[in-house]
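Undergrad: one predicted model, sequence on top.
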Amino acid sequence: MENFLQSVASSIVASIVMIFATLAISSQAKWLVIGILSRLTSAGLDYVYRDKEDAKRDLSDDVSSANHLKILVGRGNELQRQPFDALFQNRSKRRKKFVRILLPSTKGNNDEPDWIAQREAELAKFDSAYKNLGLLKLQVEGNASFLQTHSNTGLVEVGRFNAPNFGRLIISDKYLYFTPYSHDSHGRESRVYKYERGSDIYSNYNRLFDQLWEVRARYDL
């Protein structure tokens with residue numbers, strides 16, 4: 001038994017050494033190792049992008065090819081830019097897409113926290129543009145007006161949520177892109193985590209979106 005345990009321990013140490021050695025060799029090798037470990041643990045992590053710019057090409061491809069999309073944003077400026085052109089600017093009339101988008105509520109209810117104000121207070125600590133409180137709400141409302149135009153044509157369904165401004169979710173037929181927001185930086189600077197459909201993370205965030213969608217009627221569009 002002792003020899004067996006020593007053998008197992010040696011194998012584990014050798015595996016760890018090999019992993020770190022592989023990570024030091026190349027980026028491609030790093031993601032090969034991460035992919036293998038992710039599948040072994042059912043984590044479903046497919047890739048980690050440096051920021052949203054790094055994720056733009058893959059995200060654009062998925063947005064273009066997806067039949068169903070669920071999108072939750074903290075502000076929504078990116079919806080008027082690439083990689084979301086396939087939803088609004090260059091949308092194929094021959095292909096039906098089912099799209100639901102959740103924007104933060106800028107009003108909420110009197111008995112609930114003002115989460116968008118809390119996020120704005122965080123932004124104001126490192127970005128002077130937000131020290132004049134109210135800018136973030138104005139930006140959200142501007143994007144809501146943009147989406148309302150497309151909602152009226154039946155291209156998308158739009159709702160509001162009142163919950164912590166925790167990050168951005170883009171859920172396609174195949175993947176979840178999750179951008180967690182930090183208290184000391186803009187969301188555009190955060191890493192983007194890509195998870196496969198069927199993974200626990202994909203399922204949990206998909207469920208969270210559905211729950212927030214169910215109570216959207218409580219908030220004004």
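TA: Alright, I've got the coordinates.

Undergrad: so P83 sits against K52, correct?
TA: No: using Cβ atoms under 8 Å as the test, P83 is too far from K52 to be in contact (9.2 Å). C-beta coordinates here come from the backbone N, C-alpha and C atoms, glycine included.

Undergrad: so L102 sits in a strand?
TA: Yes: according to DSSP: H, G, I helix; E, B strand; the rest coil, L102 belongs to a strand.

Undergrad: for it, what are its contacts?
TA: 70-73, 158-161, 209, 212-213, 216 (Cβ atoms under 8 Å, 6 or more residues apart in numbering).

Undergrad: what about V99, which SS state?
TA: Following three-state DSSP, V99 is assigned to strand.

Undergrad: got the confidence number for it?
TA: With respect to pLDDT, V99 has a value of 94.

Undergrad: confirm for me that it is in contact with V158.
TA: No: taking contacts as Cβ under 8 Å, V99 lies outside contact range of V158: 9.1 Å.

Undergrad: for this protein, which spans come out with low pLDDT?
TA: For the chain, the stretches with pLDDT under 70 are 1-43, 90-95, 108-109, 220-221.

Undergrad: ranges for the helices of it?
TA: 2-25, 27-41, 52-65, 115-124, 135-152, 200-214 (DSSP state H).

Undergrad: list the helices and strands the fifth one packs on?
TA: Secondary structure elements in contact with helix 135-152, counted by 3 or more Cβ pairs under 8 Å, 6 or more residues apart in numbering; DSSP states H and E, are strand 98-104, helix 115-124, strand 157-161.

Undergrad: domain ranges for this structure, per the record?
TA: As recorded under automatic domain parsing, the domains making up the chain are 1-41, 43-218.

Undergrad: highest mean neighbour count out of those domains?
TA: Among the domains of the chain, the stretch with the highest mean neighbour count (mean count of other Cβ atoms under 10 Å) is domain 43-218, at a mean of 16.

Undergrad: what about V63, distance to Q89?
TA: Separation of V63 from Q89 (Cβ to Cβ, to the nearest Å): 12 Å.

Undergrad: please apply the same query to Y49.
TA: Separation of Y49 from Q89 (Cβ to Cβ) stands at 23 Å.

Undergrad: try I170
TA: 17 Å.

Undergrad: who touches stretch 211-221?
TA: For stretch 211-221, the surrounding residues in contact (Cβ under 8 Å, 6+ apart) are 70, 72, 100, 102, 105, 107-109, 144, 148, 151, 158-163.

Undergrad: stretch 56-73 too?
TA: 47, 49, 52, 79, 82-87, 95-104, 143, 161, 168-175, 177, 192, 194, 206, 209, 212-213.

Undergrad: and if you look at stretch 137-154?
TA: With Cβ under 8 Å, 6+ apart, stretch 137-154 has contacts from 73, 75-77, 79-80, 87-88, 101, 103-104, 106, 116-117, 120, 156-158, 221.

Undergrad: may I have it as PDB, with CA atoms only?
TA: Extracted C-alpha coordinates of stretch 137-154, given in PDB (Å, rounded to 0.1, in the frame of the first residue of the first chain):
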ATOM      1  CA  LYS A 137     -28.200  55.600 -16.100                       C
ATOM      2  CA  LEU A 138     -28.300  58.000 -19.000                       C
ATOM      3  CA  GLN A 139     -26.100  55.600 -21.000                       C
ATOM      4  CA  VAL A 140     -28.400  52.600 -20.100                       C
ATOM      5  CA  GLU A 141     -31.500  54.600 -21.200                       C
ATOM      6  CA  GLY A 142     -29.900  55.600 -24.500                       C
ATOM      7  CA  ASN A 143     -29.200  51.900 -25.300                       C
ATOM      8  CA  ALA A 144     -32.800  51.100 -24.200                       C
ATOM      9  CA  SER A 145     -34.100  53.500 -26.800                       C
ATOM     10  CA  PHE A 146     -32.000  51.900 -29.400                       C
ATOM     11  CA  LEU A 147     -33.300  48.400 -28.500                       C
ATOM     12  CA  GLN A 148     -36.900  49.600 -28.200                       C
ATOM     13  CA  THR A 149     -36.800  50.500 -31.900                       C
ATOM     14  CA  HIS A 150     -35.800  46.900 -32.800                       C
ATOM     15  CA  SER A 151     -38.200  45.500 -30.200                       C
ATOM     16  CA  ASN A 152     -41.100  47.200 -31.900                       C
ATOM     17  CA  THR A 153     -40.200  45.400 -35.200                       C
ATOM     18  CA  GLY A 154     -40.200  42.100 -33.500                       C
END
